[in-house]
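Novice: pasting the structure only:
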């Protein structure tokens, strides 16, 4: 019997959720995803600080505006990291815009265009990149504008069906519904009992999105994210893509019990698409879903915090 990671690869595209180059070299995923938290983690390594110091030396001759410098250097470091990853993975690298822009459509579009231009300067074509945007209403509108330019988007921090529906209506390339953070919320805030992986609320959430997308014929790719254990991953085998941390990839590789395809897009008879969701219904739906409202706002706050931490590192080198 082959290990569970090998079995999973036969039914789902495996994506690495890391900025660690050595882990990507080992597991050779189809694609890779980063976020401000993962970028910060890499920036705190010896190699990361060396790269940042080199970028500081390059950029300091171009501008004397400190905030502008911080933004430029952080963007360049993020894209440099993504470019290194793109040299290893055969598919796409997802790179996130500054989370402080999550409620400013025009600013997100400009930042996405800037990131794509930076990737181009490193020799990475826009077809290899997905711009990650928080799935606020403004983020989804920014994705529409970027997709019209041929820039693929990964809508992240998905915690509600309203977010998933609006992304599908918009025709975005990919969504990242979060499994583990949904589960965390239920464990911390309710008496919900998980007796087996199939009962996991995060698993159920992604499975329901899969059901809707496949039965209604949406092309948007579903990439389950934010896993806490391999049981959650096993219950989503067959999902379009799953982005998995190196620790859980290692665990899957050590497991040899049989893995079965749980989600099968061919199992759904076609049904009519439901009407497009309006901005008002989107905002009301997210607002009325306490879990989604909590996790979306805290997710944005966390990413803003990690962006600020990265800027602090750069600022310390500038001094």
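Specialist: Structure received. As the structure is a computational prediction, the values presented were derived from the model and not from experiment.
Novice: longest helix in the chain, please.
Specialist: If you go by DSSP state H, the chain has its longest helix at helix 290-318.
Novice: and residue 189, how close does it get to residue 295?
Specialist: Distance, residue 189 to residue 295, by C-beta to C-beta, to the nearest Å: 11 Å. Every residue, glycine included, has its C-beta placed from N, CA and C.
Novice: looking at these two, which one has more neighbours?
Specialist: residue 295 (21 against 11; other C-beta atoms under 10 Å).
Novice: list the contacts for that one?
Specialist: 157, 159, 178, 181-182, 185 (C-beta atoms under 8 Å, 6 or more residues apart in numbering).
Novice: over to residue 302?
Specialist: With C-beta under 8 Å, 6+ apart, residue 302 has these contacts: residue 37.
Novice: redo that, cut-off 10 Å
Specialist: 35-37, 99, 157 (C-beta atoms under 10 Å, 6 or more residues apart in numbering).
Novice: which of these tops the neighbour count?
Specialist: residue 157 (31 neighbours).
Novice: which strand or helix spans it?
Specialist: Assessed by DSSP states H and E, residue 157 sits inside strand 153-158.
Novice: could you pull out the strands in the stretch 201-319 of the chain for me?
Specialist: 221-224, 241-244 (DSSP state E, counting those that start in this stretch).
Novice: which one of those is the most hemmed in?
Specialist: Ranked by mean neighbour count, the strands of the stretch 201-319 of the chain are led by strand 221-224 with a mean of 26 (mean count of other C-beta atoms under 10 Å).
Novice: which strands and helices sit next to that one?
Specialist: strand 13-17, strand 153-158, helix 161-170, strand 174-177, helix 201-216, helix 230-235, strand 241-244 (3 or more C-beta pairs under 10 Å, 6 or more residues apart in numbering; DSSP states H and E).
Novice: just checking, what packs against the last one?
Specialist: Looking back up the chat, that one is strand 241-244. So strand 241-244, by 3+ C-beta pairs under 10 Å, 6+ apart, packs with helix 4-9, strand 13-17, strand 31-33, strand 174-177, strand 221-224, helix 230-235, helix 246-254.
Novice: can you list these in JSON lines and add distance to residue 142 and mean pLDDT?
Specialist: Formatted as JSON lines, the helices and strands packed on strand 241-244 follow (distance: least, C-beta to C-beta, whole Å; pLDDT from 0 to 100):
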{"stretch": "helix 4-9", "distance to residue 142": "32", "mean pLDDT": "98"}
{"stretch": "strand 13-17", "distance to residue 142": "22", "mean pLDDT": "97"}
{"stretch": "strand 31-33", "distance to residue 142": "18", "mean pLDDT": "97"}
{"stretch": "strand 174-177", "distance to residue 142": "14", "mean pLDDT": "98"}
{"stretch": "strand 221-224", "distance to residue 142": "18", "mean pLDDT": "98"}
{"stretch": "helix 230-235", "distance to residue 142": "30", "mean pLDDT": "98"}
{"stretch": "helix 246-254", "distance to residue 142": "30", "mean pLDDT": "98"}
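Novice: list the buried residues of the helix or strand of the chain with the lowest mean pLDDT.
Specialist: Counting by mean pLDDT, DSSP states H and E, the chain has its least confident helix or strand at helix 46-59, which shows a mean of 91. By neighbour count on 16 or more other C-beta atoms under 10 Å, the buried set for helix 46-59 is 48-49, 51-52, 55-56, 59.
Novice: closest one of the residues you listed to residue 274?
Specialist: Of all these, residue 274 sits closest to residue 48, with 45.2 Å by C-beta to C-beta.
Novice: which residue sits closest to that closest one, ignoring its sequence neighbours?
Specialist: Once flanking residues are discounted, residue 48 sits nearest to residue 42: 4.8 Å by C-beta to C-beta, 6 or more residues apart in numbering.
Novice: cool, residue 53 as well?
Specialist: residue 317 is the one closest to residue 53 (C-beta to C-beta, 6+ apart), at 5.4 Å.
Novice: wait, that neighbour touches residue 48, no?
Specialist: No: using C-beta atoms under 10 Å, residue 317 is not in contact with residue 48; the gap is 11.0 Å.
Novice: can you point out the buried residues in the strand or helix carrying residue 85?
Specialist: Residue 85 is part of helix 66-86, with elements assigned from DSSP H and E. For helix 66-86, burial by neighbour count (16+ other C-beta under 10 Å) applies to 69-86.
Novice: could you pull up phi and psi at the closest residue to residue 192 other than its chain neighbours?
Specialist: In space, and not counting its chain neighbours, residue 192 is closest to residue 186: 4.4 Å by C-beta to C-beta, 6+ apart. Residue 186 has phi and psi values of phi -60, psi -40 when expressed as degrees, to the nearest 10.
Novice: circling back: neighbour-wise, give me the winner out of the contacts of residue 295.
Specialist: Compared across these, residue 157 has the highest neighbour count, 31 neighbours, by other C-beta under 10 Å.
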